[in-house]
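J.: heads up, no residue letters with this:
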């Protein structure tokens, strides 16, 4: 539930801020009646995202062939790592201009009378984050119960909606940049854990080497099957008996992803 909450909170706030910028600018232009088109696009994106989530979970939970399910789960974890990393770095790079870019698109749609363009703008903005959220949640919650996953998602999106309402209400001085920085770093750490899990799936099939296995063992202190171990595993990728390849991959990914995120070339405000 915790990792689902963290994922949906971060991605949900990103969605909420984008929608708040669009709706607030429509209000500023005196075109609030067109807001229904924005909500239509948002609803369509939500339906597509939920359908994708249901479809992926259905495939995972109905697959009984071990030699198929293990590589499928491993592939989903690795795919989630790739997409999450790319989107996190892309958003950091584009954050300086995202606000002004959205306002220009809204102004163009209203000026041309193409109010349905607003629906497509909202759809594209939301579905991109929605699919990313689905892949990351599926990759990191394969051992969680449906109730825990749904509860975490509902709570995360509810808190995100509050952030969006604050931004829409005109709190332009709200410190969003520190929030996104902290949440992005946390997601990168969680992605490193997903990478370890994905590698482990393929090692179990004999498709990847293990090196020294195990490199050490902390099972007597905190087992990865315990409540605490499961929590540490979902957030940080904790494994009580990791092998050399997993540790090297974890360190290499974290070093590379954090360097790419914090390099001086990209520092900006999320709202532009």
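T.: Yep, that arrived. Since this is a predicted model, take the numbers as computed values, not measurements.
J.: I'd guessed residue 118 sits against residue 38; true?
T.: Yes - contact criterion Cβ atoms under 8 Å: residue 118 and residue 38 qualify, at 5.2 Å. The way it works is simple: take the backbone N, C-alpha and C, and place the C-beta from them, glycine included.
J.: between the two, who's got more neighbours?
T.: Taking other Cβ atoms under 10 Å, residue 118 and residue 38 do not tie; residue 118 has more neighbours (25 against 22).
J.: list the contacts for the more buried one?
T.: Going by Cβ atoms under 8 Å, 6 or more residues apart in numbering, residue 118 touches 22, 26, 34, 37-38, 41, 106, 109-110.
J.: likewise residue 258?
T.: So residue 258 contacts 185, 188 (Cβ under 8 Å, 6+ apart).
J.: which residues are common contacts for residue 118 and residue 38?
T.: Common neighbours of residue 118 and residue 38, using Cβ under 8 Å, 6+ apart, are 22, 26.
J.: Which of the three states applies to residue 125?
T.: helix (DSSP: H, G, I helix; E, B strand; the rest coil).
J.: if I look at it, how far off is residue 208?
T.: Residue 125 is 37 Å from residue 208, where distance means Cβ to Cβ, to the nearest Å.
J.: biggest separation within the contacts of residue 118, which pair?
T.: 41 and 110 (14.9 Å; Cβ to Cβ).
J.: and residue 238, helix, strand or coil?
T.: The assignment at residue 238 comes out as coil when based on three-state DSSP.
J.: What of residue 207?
T.: Under three-state DSSP, residue 207 falls in the coil class.
J.: Could you find the closest non-adjacent residue to it?
T.: Nearest non-adjacent residue to residue 207, counting by Cβ to Cβ, 6 or more residues apart in numbering: residue 71, 7.6 Å away.
J.: picking up where we left off before, if you count surrounding residues, which of residue 125 and residue 208 has more?
T.: residue 125 (23 against 18).
J.: wait, isn't the more buried one in contact with residue 14?
T.: No - in this structure residue 125 lies outside contact range of residue 14 using Cβ under 8 Å: 9.1 Å.
J.: Buried residues in the host helix or strand of residue 15, which are they?
T.: Residue 15 is located in helix 2-28, with elements delineated by DSSP states H and E. Residues of helix 2-28 classed as buried by neighbour count (16 or more other Cβ atoms under 10 Å): 3-26.
J.: Over to stretch 249-261?
T.: Quick answer for stretch 249-261 (16+ other Cβ under 10 Å): 249-250, 253-254, 257, 260-261.
J.: Do a quick rundown of the helices in this structure.
T.: Ranges of helices within the chain are 2-28, 35-62, 66-94, 98-111, 116-140, 146-168, 176-204, 227-236, 244-262, based on DSSP state H.
J.: May I see the buried residues of the shortest one?
T.: When burial is assessed from 16+ other Cβ under 10 Å, helix 227-236 yields the following buried residues: 229-230, 232-236.
J.: Pull the distance from it to the chain's centre.
T.: 18 Å (Cα atoms, centre = their mean, to the nearest Å).
J.: And it, what does it pack against?
T.: Contacts defined by 3 or more Cβ pairs under 8 Å, 6 or more residues apart in numbering; DSSP states H and E place helix 227-236 against helix 2-28, helix 176-204.
J.: That's all I had, so thanks and see you.
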